[in-house]
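1. here's my sequence, what's the structure:
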Amino acid sequence: MSSNRRNLAIVVGAVIVLIAVVLLIPRGTSPTGPSASGPSAVPSGSASPTEQPSGGGAEPSQEQVAIKVGLGYIPSVQFAPFYLADQAGYYRDAGLDVTFRHGTDYDVVALTAQGDLDLGLADGTSVIPAVSNKIPIKYVATIYGKFPSIVFAKSSSGIAKAADLAGKKIGIPGRYGSSWIMLQALLDSAKLTPDDVKIVEYPDYGQGAAVAQGAVDAATGFANNEPVQLQLAGEEVNILRVDEITPLPGNGLIVGKDALETKRDAVTAFVAATLRAMEDIKADPEKGLEAAITAVPDLAASRDTQAAILDATIDVWSGPVQEAKGLGAIEPNDWEQSVAFMTDLGLVPNPVTVDDLIDTGLLPQTG
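-> Below you'll find the predicted structure:
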């Protein structure tokens, strides 16, 4: 193993220990930590999860099952399917009383595992090392079928493929999480390592601005965030994706062991209602935008920007597997390849199988 990979293993090991420690925090307490997950239309960093009660409209005629869902980050347009399913009564009609909570990715993984949350939205590359470290969660539905972490650069930079990154300055929040894993996969595909580029860390997530200002040649980011902002500012952007190199699992719904055992039917109903809302928005993005603005009125001040971010978000919902099998679909073979790749990087401290990681039984049957 290279020195870089040994260093990476040390860093990730520390993160996994942090997650394990967080699981010991008393229920109701909000742990904090750096996010390794999805994009946000507004800056992330909410240290304490904030609750957003369900607003299902008319009073339900049946007893409702309470479901707490951790969405990560702060309320934004990327969560439009959840807002629409809530506002349109899909959750209510399924017998659910849903409460949304917002925090960072590590909050979601830990709180879901310990039962403070029934479900959470988390990055698949966080799930693999967590489960390897005996944290009791399973990934039950894909939300981002395309891996959302990307490398982006101005088209004028001449960076159009992974090999073009050699010798370049690359901005990144830090050497951890999905963006770091993705970057190594891109570099490896061109027979490069992080030692062949100059890594510039932006712990405040300012790497997008650094690209815009020319402080770095390229940066890691999310397909539905930084490149969209640059394009809206009139800049042509090149995007390098990892999907064709290795099928890393994107953001999806995770469930804790207790919820799987005690609320399996309710969780299955939640998944179906959410996927129904995703289909609605895919067919008519305006529905999603309106639902997001209803949930987060401040988004109305930047309606065109939010619409562009939502369009980019819809695009990452469907990879080849979802195009073939429907939104939410999980491909076990892709997870097997991801485990092998992350194991090679030193990110999987204990052996883990695909069956340990995923449960496809909560997805709607498609015939």
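2. quick check: Thr125 vs Pro285, distance?
-> Per C-beta to C-beta, to the nearest Å, Thr125 is found 28 Å from Pro285. Where you see a C-beta, it was placed from the backbone N, CA and C, and this is true even at glycine.
3. same question, Ser189
-> For Ser189, the distance to Pro285 - C-beta to C-beta - is 33 Å.
4. okay, domains of the protein per the record?
-> With domains defined by automatic domain parsing, the chain comprises 3-146+250-362, 149-240.
5. could I get these in JSON lines, plus columns for mean pLDDT and mean neighbour count?
-> Formatted as JSON lines, the entries for the domains of the chain read as follows, by pLDDT from 0 to 100; neighbours: other C-beta atoms under 10 Å:
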{"stretch": "domain 3-146+250-362", "mean pLDDT": "82", "mean neighbour count": "20"}
{"stretch": "domain 149-240", "mean pLDDT": "96", "mean neighbour count": "19"}
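6. show the residue spans covered by the strands in the stretch 151-300 of the chain.
-> In the stretch 151-300 of the chain, the strands defined using DSSP state E, counting those that start in this stretch lie at 169-172, 198-201, 218-222, 237-240, 251-256.
7. Arg303: which of those strands is closest?
-> strand 218-222 (20.5 Å; C-beta to C-beta).
8. strand 251-256 and that closest one, what's the angle between them?
-> Orientation check (axes from the mean of the first three to the mean of the last three C-alpha atoms, to 10 degrees): strand 218-222 against strand 251-256 gives 50 degrees.
9. and strand 218-222, how far out from the chain's middle?
-> Between the centre of strand 218-222 and the centre of its host chain there is 15 Å, according to C-alpha atoms, centre = their mean, to the nearest Å.
10. kindly report the same for stretch 214-228.
-> Averaging C-alpha positions (C-alpha atoms, centre = their mean) puts stretch 214-228 17 Å from its chain's average.
11. same check, this time on stretch 324-335
-> 16 Å.
12. now do stretch 141-150
-> Here the centre of stretch 141-150 is set off from its chain's centre by 7 Å, with C-alpha atoms, centre = their mean.
13. and stretch 137-152, by the same measure?
-> The chain centroid and the centroid of stretch 137-152 are separated by 5 Å under C-alpha atoms, centre = their mean.
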